[in-house]
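*Asks:* Requesting a structural model of the entry that follows:
(chains A, B and C)
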Amino acid sequence: MTTLTDLAASLASGTIRVVDLTHTLDPDFPVIILPPEFGQCARFRMEEVSAYDHRGPAWKWHNISMSEHTGTHFDAPSHWVSGRDVPFGSVDAISPKNFVGPVVVIDCVAQSNANEDYEMVIDDITAWEKQHGTIPNGSWIMMRTDWSKRQGAAYLNMREDGPHSPGPAPEAIKFLIDERDILGFGTETVGTDSGQGSHAVPPYPAHYYLHGAGKFGLQCLSGLDQLPATGAILIAAPLKIKDGTGSPLRVLAMVDNT
Amino acid sequence: MTDPLLAPPKKNPQQRSTSPTRPPEMRSRAALGLTAAAAEGRLALQCCSECATWQYPPRDACVACLSNDLPWVDFPPQGQLLAETTVQTSPRLYYRERVPWRIGTVKTDAGPMIIVHIHPDVTPQSAIHLTAHLDRAGQGVLVAMPPQETPNAMDAPLMRELTADPKHRRVLLTDARAENAPAMAKALKDAGAAIIFIGESESWRPYTARAALQEIGVEFMPLDVTDTLSVQTLAGEIGGKTDILINNAQFVRPGGALARGDVGFAQNEMDVNYFGMMRLAQAFGPGMCKRTADEANSAVAWVNLLHIGALANTPEYGAFAASQSAAHSLSQSLRSEFRTAGLRVMNVFSGPTESDWFASLPPPKVLPQSLARDVIKGLQAGVEDVWSGDIAKDVRDRFRRDPKVLERELTFGGDGP
Amino acid sequence: MTRRAPASYHGVVLTAPFSTPYQRYSIDTAHHWIARALKGSLDSVGLKKSQLDGFSVSSFTLFPDSAVGLTQHLGLSTRWLDHVPMGGASAGVALRRAARAVQAGDADIVACVAGDTNHIDSFRQLLSSFSRFAMDASYPYGYGGPNANFALLTDHYMNEFGATRTDFGRICVSQRDNALKNPRAVMQKPLTLDQYLKARLIADPIALFDCVMPCAGAESFLVMHEDKALQLGIPFARLTAAIERHNAHADDPMQLRGGWTLDRDTLWEMAGCTPLDIDVMQTYDDYPVIVMMQFEDLGMCEKGEGPTFVRDHDLTINGNFPHNTSGGQLSAGQAGAAGGFIGMVEALRQVTGQASGTQVKDAARALVTGFGMINYDRGLCTSATVLETGVRA
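*Replies:* Predicted coordinates for the structure are as follows:
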């Protein structure tokens, strides 16, 4: 129990800091756009039920609605066709031990600033490992782009040929899965794939490979600039939705402040 | 001739706005035929089907032959003004606040004697042209107009009471992304609207028409009719200066219940087409209702753009049509709820438009410019129902002939196995 | 088709004229005012209400009651009952019917009463439920009420016959002179022609002094057989002629004449006299243009000569054509349906010598005309009656 006691003391003293990596659920926060003949990701919506008034004198509350994939959210393996048969692939079935784990941050800010369609390659990973050592198995990998600091139309960066935003190259994702056995992959953009990922083979390769391998996704993250390259612990527990393919959630990280 | 109406000065914040009062609303059932015709801009009186005698005031039996069959028929508008008076005092608040008010007695060429409102450009004891309008109570009334058009005739205070002219008024168009938005904005601008607010949802998502709208000169305002908070926020901002609200937000996808397999699009359709209207009404309605007598730029009209499937289901777009029926029904509720304030609800029914979503349907289609023109004409005439395009008129006529027959016509399948 | 001549009204007399004081606004009901007038008539000739066996009521503000409700309310048990909702023509019509009942023996003593209250908001409410045609086709246009309707008729009359506001003013000013001699009149201040012409417009050409003042009050008289009146030893007047007509001249584009024109020959034939033989005339005077129309339509002058007639005659009590001697509605006030009775009751006082301050010397024959109910664009009901002295007070 010493570890947890120490942890509690460190949290209390501020030696370990809790960082919020979540965007506010806001009706006007962008969601992924699919061709309009397909079903669409529901925007976050909030209807007041009462506000200390004739509808309920002493209390205020809202009914909310959204997609499983609205705002800062978690993708379970069952989200993708490649992961449809993964055992325990829905949010309610995933073992809770997967919701807390080490997190590695690969800095692609400069590359993304230079090229909004930047795809993180294996070289970026090996460069990171040269500096910080081999990525431990069972880690969350965060691709930092500072994209979360973009606002409005610049966030989706939608053009006539689709959105333009950075993401992982297909071989980099395969590498992380096959060679490093990661827990999951997270981004600051609206999906784990790059904006132009729909034109790749297979389309949306990050989704396809991650979920096919039973790995998880996190997207629409913010505040990755507050994480160290390694050494932090990520807490990302989706809502326990029956057969749910994902969930909006509060993503937190514990960071050593010393 | 009437002086052109000038843009109203900025409002004195210390002055009470004129209360929204109304002329008398009570009518016999028979008299509602006049209202029904005026609601779509027609002048009709009862004409006996047995002896062809015109009747006025509206009757339940022919004054000449006692027949009960008195259909409403388009009435020849020529007449002569025999006598007139200018009412200087009235026990009715609406008129008390608007006197002097000119009325007169017209001998129509077709026979009946009619007490009418008189347009200021009419010369005493001269020929007149009779028109029918809805007054602020939403009831049909008859107006003696000059036999020839005169300049600025619609700027007369009488006509401003009877119409919903966009001139000098501030208009909110709810959806900048709708394919009709640029044509609407342009038409409103041309009709003299003072400000065109345009609702823009999801500003993070670009759309091609934005540049055109910018060029026309609209005020982009954040608004998503599916987002209650955004509707309330905008109403808080411009609800007190929204004189005409045109709800052009519409969600449409093809297919009936079985073709779709889920309720997703149907929920979107209801959320935009039905709940959207309700959210707008709840947020903007009360403020507009308080401002219906507020000078030349008073709140005057609420416009819904509806698909003709609202009257009878069009199965290729079966689920969408259901949302249109819901919206139409809600518009009728709004009419009743806005009635005490005299705020007019105008429904513009159209057939398939040039939207991508109707691409699979054969012509004729309603062009955005035609729709916009019909909206403006409807507001300028002050009507309640506008039928835009040939398909809308065709379905309307069939509906009036026999709704059940129309249902069968619209739901015929192929010949089958 | 030749019309059958109506039977004579031989033996029918009117007695016990009574008018309550008029009051601008009242917190009391029509029932209150009708009871006051009925009691006044009965007391004036020493009759008890149990001796009444006929009752005729005219009122606009009795709702939800009618004559039926009043019998129980007032404790009357009659064998003849009538309700005459004909506004300005009520007195003549009520009298015609009561007269025939008395002649036929269906009733011995009929009380004809008209009365209304006037609450602060009565007039507005009365307007709003006056008639279906008014609701559908006249009130929505400016909601000027009768003022606007009569303004249209006046405008047309002026255009057709060259009448001026001064001509109408003569009628109003002379009636005000008469009213100053009637303590019951609401208007007690003199009115000059200049004041009349300068008054504020209500619905042009109608100005303030062309309009009656709505008020509360009631009027009453009794109808019985001459033998009964002689037996009681009370003053009475004989009914010599009476006509009524409804919705006449429907094809006239606007009303320039009333239903009297269809029946006036009958009237004068029954009365056995001519217009020249009339000592005092009481017209229905809700607006002066209607007074002129009555002068013309009863034969005092030709159609369109009303303006000349009023220029050529002095209409005051001591003038050469005494007219609306009580001040009429224009100066005494319009107590709702009692406005249809004010002329009849005043005429009855005149020919029985009971008019005190307003008495026309030696008045022996009176013409009473009635006009009522602007249903849409014109008055629909007309009546006229000739009374002669029976026994003076």
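*Asks:* just the strands in the stretch 1-150 of chain A please.
*Replies:* Using DSSP state E, counting those that start in this stretch, the strands of the stretch 1-150 of chain A run over A:16-20, A:45-53, A:56-65, A:73-75, A:100-107, A:119-120, A:140-144.
*Asks:* Output the ones you listed as JSON lines; include the columns mean neighbour count.
*Replies:* Yep, even glycine has a C-beta here, placed from its N, CA and C like the rest. Shown next, in JSON lines, are the strands of the stretch 1-150 of chain A (neighbours: other C-beta atoms under 10 Å in any protein chain shown):
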{"stretch": "strand A:16-20", "mean neighbour count": "15"}
{"stretch": "strand A:45-53", "mean neighbour count": "13"}
{"stretch": "strand A:56-65", "mean neighbour count": "11"}
{"stretch": "strand A:73-75", "mean neighbour count": "28"}
{"stretch": "strand A:100-107", "mean neighbour count": "21"}
{"stretch": "strand A:119-120", "mean neighbour count": "25"}
{"stretch": "strand A:140-144", "mean neighbour count": "25"}
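*Asks:* how about these, which one is nearest chain B?
*Replies:* Between chain B and the strands of the stretch 1-150 of chain A, the shortest separation by C-beta to the nearest C-beta is 5.6 Å, and it involves strand A:45-53.
*Asks:* Below-threshold pLDDT in the stretch 101-250 of chain C: ranges please.
*Replies:* Scanning the stretch 101-250 of chain C with the threshold set as pLDDT under 70 gives C:128.
*Asks:* can you list the residues of it near chain B?
*Replies:* The stretch 101-250 of chain C has residues C:123-124, C:127-128, C:132-133, C:135-145, C:147-148, C:151-153, C:155-156, C:159, C:200-206, C:250 near chain B, with proximity defined as C-beta under 8 Å from any C-beta of the partner chain.
*Asks:* Repeat the analysis, applying 7 Å as the threshold.
*Replies:* Counting by C-beta under 7 Å from any C-beta of the partner chain, the stretch 101-250 of chain C comes close to chain B at C:123-124, C:127, C:132-133, C:135-145, C:148, C:151-152, C:155-156, C:159, C:201-204.
*Asks:* ditto for the stretch 151-258 of chain A
*Replies:* A:152, A:153, A:155, A:156, A:158.
*Asks:* Now tabulate the residues you listed in JSON lines and tack on neighbour count.
*Replies:* JSON lines is the format used below for those (neighbours: other C-beta under 10 Å):
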{"residue": "A:152", "neighbour count": "13"}
{"residue": "A:153", "neighbour count": "14"}
{"residue": "A:155", "neighbour count": "21"}
{"residue": "A:156", "neighbour count": "23"}
{"residue": "A:158", "neighbour count": "19"}
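*Asks:* how long is stretch B:121-141 end to end?
*Replies:* With C-alpha to C-alpha, to the nearest Å applied, stretch B:121-141 spans 18 Å between its terminal residues.
*Asks:* Where do the helices of the stretch 1-150 of chain B begin and end?
*Replies:* B:32-38, B:93-96 (DSSP state H, counting those that start in this stretch).
*Asks:* now the stretch 1-150 of chain A
*Replies:* A:2-13, A:109-114, A:122-132.
*Asks:* Residue B:160: which of the ones you listed is closest?
*Replies:* Nearest of those to residue B:160, taken as C-beta to C-beta: helix A:109-114 at 58.0 Å.
*Asks:* Name the residues of the closest one that come out as buried.
*Replies:* A:109, A:112 (16 or more other C-beta atoms under 10 Å in any protein chain shown).
*Asks:* In what element of secondary structure is residue B:336 found?
*Replies:* Using DSSP states H and E, residue B:336 falls within helix B:318-339.
*Asks:* these two touch, right, residue A:226 and residue A:21?
*Replies:* No - using C-beta atoms under 7 Å, residue A:226 is not in contact with residue A:21, being 8.1 Å away.
*Asks:* which residue is nearest the centroid of the chain?
*Replies:* You didn't pick a chain, so chain A it is. Taking C-alpha atoms, centre = their mean as the criterion, residue A:218 is the residue nearest the geometric centre of chain A, at 1.7 Å.
*Asks:* Oops, wrong one, chain B.
*Replies:* residue B:346 (2.4 Å).
*Asks:* quick check, residue C:149 in a helix?
*Replies:* Yes - assessed with DSSP: H, G, I helix; E, B strand; the rest coil, residue C:149 lies in a helix.
*Asks:* Got the phi and psi for the residue lying closest to it once chain neighbours are set aside?
*Replies:* Closest residue to residue C:149 apart from its sequence neighbours, by C-beta to C-beta, 6 or more residues apart in numbering or on different chains: residue C:374 at 4.9 Å. Dihedral pair for residue C:374: phi -80, psi 90, per degrees, to the nearest 10.
*Asks:* I'd say residue C:374 and residue C:151 touch.
*Replies:* No - using C-beta under 7 Å, residue C:374 makes no contact with residue C:151, being 11.6 Å away.
*Asks:* right, and residue C:288 touches residue C:171 too?
*Replies:* Yes - counting by C-beta under 7 Å, residue C:171 is a contact partner of residue C:288 at 4.3 Å.
*Asks:* ok so, going back, who's in contact with the closest residue to the residue nearest to the centre of chain B other than its chain neighbours?
*Replies:* Closest residue in space to residue B:346, ignoring its immediate chain neighbours: residue B:303 at 4.8 Å, by C-beta to C-beta, 6+ apart. Taking C-beta atoms under 7 Å, 6 or more residues apart in numbering or on different chains, we find residue B:303 in contact with B:244, B:245, B:246, B:247, B:346, B:348, B:375.
*Asks:* Which of those fall in strands?
*Replies:* B:244, B:245, B:246, B:247, B:346, B:348 (DSSP state E).
*Asks:* filter the contacts of residue B:303 to the buried ones?
*Replies:* B:244, B:245, B:246, B:247, B:346, B:348, B:375.
*Asks:* which stretches of chain C form helices?
*Replies:* Using DSSP state H, the helices of chain C run over C:30-45, C:67-74, C:90-104, C:122-128, C:132-137, C:145-161, C:165-179, C:193-198, C:226-232, C:260-271, C:288-297, C:306-312, C:328-332, C:342-351.
*Asks:* I'd like those laid out as a markdown table, including mean neighbour count and distance to residue A:65.
*Replies:* Listed next are the helices of chain C as a markdown table, based on neighbours: other C-beta atoms under 10 Å in any protein chain shown; distance: least, C-beta to C-beta, whole Å:
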| stretch | mean neighbour count | distance to residue A:65 |
| --- | --- | --- |
| helix C:30-45 | 21 | 63 |
| helix C:67-74 | 16 | 62 |
| helix C:90-104 | 24 | 70 |
| helix C:122-128 | 17 | 50 |
| helix C:132-137 | 23 | 50 |
| helix C:145-161 | 23 | 57 |
| helix C:165-179 | 24 | 73 |
| helix C:193-198 | 15 | 72 |
| helix C:226-232 | 16 | 89 |
| helix C:260-271 | 19 | 78 |
| helix C:288-297 | 26 | 71 |
| helix C:306-312 | 19 | 79 |
| helix C:328-332 | 30 | 71 |
| helix C:342-351 | 28 | 74 |
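*Asks:* can you pull the contacts of residue C:329?
*Replies:* C:212, C:285, C:286, C:339, C:342.
*Asks:* and if we set it to 6 Å?
*Replies:* By C-beta atoms under 6 Å, 6 or more residues apart in numbering or on different chains, the contact list for residue C:329 reads C:212, C:285, C:339.
*Asks:* what's the distance between the second one and chain B?
*Replies:* To tie it back to what came earlier, the one meant is residue C:285. If you measure residue C:285 against chain B using C-beta to the nearest C-beta, to the nearest Å, the figure is 19 Å.
*Asks:* got the contact list for stretch C:156-176?
*Replies:* B:82-83, C:191, C:193, C:196, C:209, C:254, C:288-289, C:291, C:304, C:307, C:310, C:315-316, C:324, C:327-328, C:330-331.
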